[in-house]
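Peer 1: Turn this into a model:
(one chain, ligands or ions: 1)
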Amino acid sequence: MEWIFQKTGLINHYLPEKQLGNQPIRVLHNIVLYMFIHNDSSFHIKLIEAALSKGMNSQVDIEYGDVPLLIQSGRFRTPQVGAEKKLIIHETFLSYCWIMSYVIFILYVETVNHPKLNKVHGKVVKKINAIEIQKAEELFNYGRSLIVDYTEWDKENLPNPEIYLAENRDYPEQTNMYFTEAIRFVLCHEYIHITEHIDQFVEEKLSDEDILRMEKEADEKAIQIIQKGMTPGREFIYECGIIIGILSMFFMTNNTKQKRHPDLEDRLINAINILGLTDNHMAWGMSCVALKLWDDQFDLQFDWDDEPQSDKMQFYKIIEQIKDRKSNA
Ligand SMILES: [Zn+2]
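Peer 2: Numbers count the residues shown, from 1 in each chain. Okay, the predicted model is just below:
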């Protein structure tokens, strides 16, 4: 555990005898599972009960393989419930989510938060780091390439959770906090499907409306589970993680329409409403950063305010345009 106090030189978290998988995200697999199981002091007991009364498989399966997120048109290796009610999550999905957490968080800090602080103080109190911005943009390009094409993560040149300089540890280590919360959210969402929905899938013919209702319910109850385990004073980390988890899905397609889920902007707004985000919550700025990346990625050409009154107002201005375009389509 010497790395905790390390101030200079390389930090390498990889333990070959303990960590499976080829991707640098392997160093966080155990932490992700631990965080899920120990959501709050009684959640591990709920999991045991789910195993006994609902037949939930008590193992969470991390699938390995150097493959992209895309399986075939419209189908992705996103977390799912597999045979024998087992929670399955793929390591490429974990890599993808860490990358999007990193990119959204760092671009928020460097391009939204620091400029805002400098403006308030009327002088440079936080220097904008052009190199960090560039690295985040390069990492975004790698992350979105993983959707359709698997290539190796360039650990020497791109930020990653496995190996980095102690001098540059802040951004990857802060990213880990948001990433683990984003994954906690998606695992809790699947847990609700297992404990409350899957038997209905098997027994009944479900309409599209039934499925949409279940998806909405899974998001809502997942958030409620997480809220139960939040450490007071650190709620923003959980809240940003949940929002990042939903924002990460935008980059997979050029529109928000979903086949078996509520449309993405509705999932996002639903989560924001349940969380009751305050007007100056950093999740608004993070959402704007992600929507701008998505706009640039697919050349959507939304109309952005150059000098928005607040990140929240900017956010709703873009959401309105997403909705308008759908109703005019
Ligand atoms: Zn679902």
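Peer 1: May I see the buried residues of stretch 27-47?
Peer 2: Applying a neighbour-count criterion of 16 or more other CB atoms under 10 Å, the buried positions in stretch 27-47 are V27, L28, H29, V32, L33, M35, F36, N39, F43, K46, L47. Every residue, glycine included, has its C-beta placed from N, CA and C.
Peer 1: quick one: the fourth one and E181 touch, right?
Peer 2: So that's V32. No: counting by CB atoms under 8 Å, V32 stays clear of E181, with 10.1 Å between them.
Peer 1: what about E203, how many residues close to it?
Peer 2: Neighbour count for E203, taken as other CB atoms under 10 Å: 8.
Peer 1: Check it and give its pLDDT.
Peer 2: pLDDT, E203: 71.
Peer 1: what's the helix or strand for L187?
Peer 2: helix 170-192 (DSSP states H and E).
Peer 1: Output the residue ranges of the helices in the stretch 51-200 of the chain, listed in chain order.
Peer 2: 91-108, 114-121, 130-148, 170-192, 198-203 (DSSP state H, counting those that start in this stretch).
Peer 1: avg pLDDT for whichever strand or helix holds D266?
Peer 2: Here D266 sits within helix 264-275, counting by DSSP H and E. Here helix 264-275 scores 97 as its mean pLDDT.
Peer 1: okay but S248 is in contact with Y96, surely?
Peer 2: Yes: applying CB under 8 Å as the test, S248 and Y96 come out as touching, 6.9 Å apart.
Peer 1: which parts of the stretch 101-250 of the chain sit against the ion?
Peer 2: Residues of the stretch 101-250 of the chain lying near the ion by CB under 5 Å from the ion: E215, A218.
Peer 1: let's go with 6 Å and repeat that
Peer 2: H189, H193, E215, A218 (CB under 6 Å from the ion).
Peer 1: Columns neighbour count on top of those residues, output as TSV?
Peer 2: Below are these laid out as TSV (neighbours: other CB atoms under 10 Å):
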residue	neighbour count
H189	21
H193	21
E215	19
A218	21
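Peer 1: Just put the residues you listed in JSON lines and tack on pLDDT and distance to T111.
Peer 2: Shown next, in JSON lines, are these (pLDDT from 0 to 100; distance: CB to CB, whole Å):
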{"residue": "H189", "pLDDT": "97", "distance to T111": "30"}
{"residue": "H193", "pLDDT": "94", "distance to T111": "36"}
{"residue": "E215", "pLDDT": "95", "distance to T111": "32"}
{"residue": "A218", "pLDDT": "97", "distance to T111": "33"}
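Peer 1: Which of these sits closest to Q174?
Peer 2: Q174 has its nearest neighbour among these in H189, at 23.9 Å by CB to CB.
Peer 1: one step back: which one of the helices of the stretch 51-200 of the chain has the most crowded surroundings?
Peer 2: helix 91-108 (a mean of 26; mean count of other CB atoms under 10 Å).
Peer 1: can you list contacts of stretch 284-292?
Peer 2: 100, 104-105, 107-108, 111-113, 240, 243-244, 247-248, 250, 268, 277, 302, 304, 310-312, 314-315, 318 (CB atoms under 8 Å, 6 or more residues apart in numbering).
Peer 1: Surely I88 and Y64 touch.
Peer 2: No: using CB under 8 Å as the test, I88 is too far from Y64 to be in contact (11.6 Å).
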